[in-house]
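Peer 1: Build me a model from this:
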Amino acid sequence: MPDRSRSLRRLGFLTIGLFDPADPAVGHESTLSLIELGEELGLDSAWLRHRHLQFGISSPIAVMAAASQRTSRIELGTAVTPLGWENPLRLAEDLATVDVLSGGRINPGVSVGTPMQYDTVKDALYPATAEVEDFSKTRVERLAGLLAGERVRELEGKQGVVEEYSSRVEPHSPGLRERLWYGAGSLDSAVWAGEHGLHLLSSSVLFPGPDEEPDFAAVQAAQIRAFRAAGGTRASQGLVVIPTDSASAAQAERYRAYAAERLPRTRTPQGPRRMMFAPDLVGTSEEIAEQLWAHEGFREVDEVAFALPFSFAHEDYVQILTDIATRLGPALGWTPASA
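Peer 2: Predicted structure coming up:
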């Protein structure tokens, strides 16, 4: 029997914030209303994916700013912001500003690497420096230092009659650096995150080592254990779960068809990096809970941000989120937060 002695402590959700390019306001309003619903249901966190030049949220910080004014308790995060598109100093300013506006509820999640489809965008993104940009983890270290309040320059103090300057990023939001997460997909990245005082976001996509067996749950569990052995503390898992408890027959059929279409990619590692995808979990909350208790990766964490599927309607997300909070969460030993 699966070990159920470790109850789920924190439960959140992750959304791509899908929108129709012909009327993008509707999709953004849908995302904000789902975050409000999450708070009403007692969920602990809402996380936003980051999509550039696609029909999902391109500016999660702006969306978090709006959400911060429509909620009072739920934590807001990015999972993840690819730093290859960002200037760490400007990003630190935006994050600190929204953290102040939210009352200290922001959890920045970041990743590194060359931006996807870089050849198609590099001339617009970095017209003068595309060939020399550093997309390594140094970018994370710069962001972490800036959030912590490290000195940016020597200039500070009053200049002239009214201008006053700071040597660090302003506003400074104490504690924001300690809420910085890293989206790691490989063992080396998980260890690096632990060594550098970051929290670990482990998703439904992983990259096993060349000698590791292609068992997603075992690979994920090994990465989380290595992260903790390297000094890391908080680790969150983000599988796609779709409970059907209160779904209509038509909804449940669509959910199963969606998962079935995506299932073949989970059977073998993909591409030169052996990318592995976790299967989507569809069924009643009781059925999904049984699968999670048996999942080696899930058993290594006590907090999750379950990912909502990409391409469903708003009413589908309301049903899924409600079932996650009212049925699946309690089946995993989770208790809703008090509003």
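Peer 1: ok, which stretches of the stretch 101-250 of the chain are helices?
Peer 2: Listed from the start of the chain, the stretch 101-250 of the chain has helices (DSSP state H, counting those that start in this stretch) covering 118-125, 138-148, 187-195, 216-229, 249-262.
Peer 1: Tell me which of the ones you listed lies nearest to residue 43.
Peer 2: Proximity to residue 43, assessed across the helices of the stretch 101-250 of the chain by C-beta to C-beta, is greatest for helix 249-262 (20.1 Å). No exception for glycine: its C-beta is placed from N, CA and C like everyone else's.
Peer 1: so how far is the closest one from its chain's centroid?
Peer 2: Relative to its chain's centre, helix 249-262 lies at 24 Å (C-alpha atoms, centre = their mean, to the nearest Å).
Peer 1: Over to stretch 66-78?
Peer 2: 14 Å.
Peer 1: neighbouring contacts of it?
Peer 2: Residues from elsewhere that reach stretch 66-78, judged by C-beta atoms under 8 Å, 6 or more residues apart in numbering: 12, 32, 35-36, 38-39, 43-50, 60-61, 64, 98, 101-103, 105-110, 181, 305, 337, 339.
Peer 1: Report the buried members of those residues.
Peer 2: The neighbour-count criterion (16 or more other C-beta atoms under 10 Å) marks 12, 32, 35, 38-39, 43-50, 60-61, 64, 98, 101-102, 105-110, 181, 305, 337 among the contacts of stretch 66-78 as buried.
Peer 1: Please produce CSV containing the helices of the stretch 101-250 of the chain, extended by mean pLDDT.
Peer 2: CSV is the format used below for the helices of the stretch 101-250 of the chain (pLDDT from 0 to 100):
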stretch, mean pLDDT
helix 118-125, 98
helix 138-148, 98
helix 187-195, 98
helix 216-229, 98
helix 249-262, 98
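Peer 1: Could you dump those helices into CSV with mean neighbour count and distance to residue 314 added?
Peer 2: Listed next are these as CSV, based on neighbours: other C-beta atoms under 10 Å; distance: least, C-beta to C-beta, whole Å:
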stretch, mean neighbour count, distance to residue 314
helix 118-125, 12, 30
helix 138-148, 19, 33
helix 187-195, 20, 34
helix 216-229, 21, 30
helix 249-262, 15, 12
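Peer 1: Which of these sits closest to residue 239?
Peer 2: helix 216-229 (9.3 Å).
Peer 1: mind checking how far the closest one is from the chain centre?
Peer 2: Put simply, helix 216-229 sits 18 Å off its chain's centre (C-alpha atoms, centre = their mean).
Peer 1: quick one: contacts of it?
Peer 2: Counting by C-beta under 8 Å, 6+ apart, 184, 186-187, 190-191, 193-194, 200, 202, 206, 208, 212-213, 235, 237, 266, 276-278, 295-301 sit against helix 216-229.
Peer 1: and these, which of them are in strands?
Peer 2: In strands, defined here by DSSP state E, the members of these are 200, 202, 206, 235, 237, 276, 277.
Peer 1: May I have the secondary structure class of residue 304?
Peer 2: Using DSSP: H, G, I helix; E, B strand; the rest coil, the structure places residue 304 in strand.
Peer 1: Quick check: it touching residue 7?
Peer 2: No. Between residue 304 and residue 7 there is no contact under C-beta atoms under 8 Å: 11.9 Å.
Peer 1: Just want to know which of those two has more residues nearby.
Peer 2: Neighbour totals were compared for residue 304 and residue 7, and residue 304 leads with 28 against 11 (other C-beta atoms under 10 Å).
Peer 1: Setting aside sequence neighbours, what's the nearest residue to the more buried one?
Peer 2: residue 237 (4.9 Å; C-beta to C-beta, 6 or more residues apart in numbering).
Peer 1: Near that neighbour, how many other residues are there?
Peer 2: Residue 237: 26 surrounding residues under other C-beta under 10 Å.
Peer 1: Could you do the one 10 residues further on as well?
Peer 2: Other residues lying near residue 247 total 19 when counted by other C-beta under 10 Å.
Peer 1: ok, it - contacts?
Peer 2: Shown in contact with residue 247 (C-beta under 8 Å, 6+ apart): 255, 319, 320, 323.
Peer 1: buried residues in stretch 289-301?
Peer 2: The neighbour-count check on stretch 289-301 (16+ other C-beta under 10 Å) flags 289, 291, 292, 293, 295, 296, 297, 298, 299, 300, 301 as buried.
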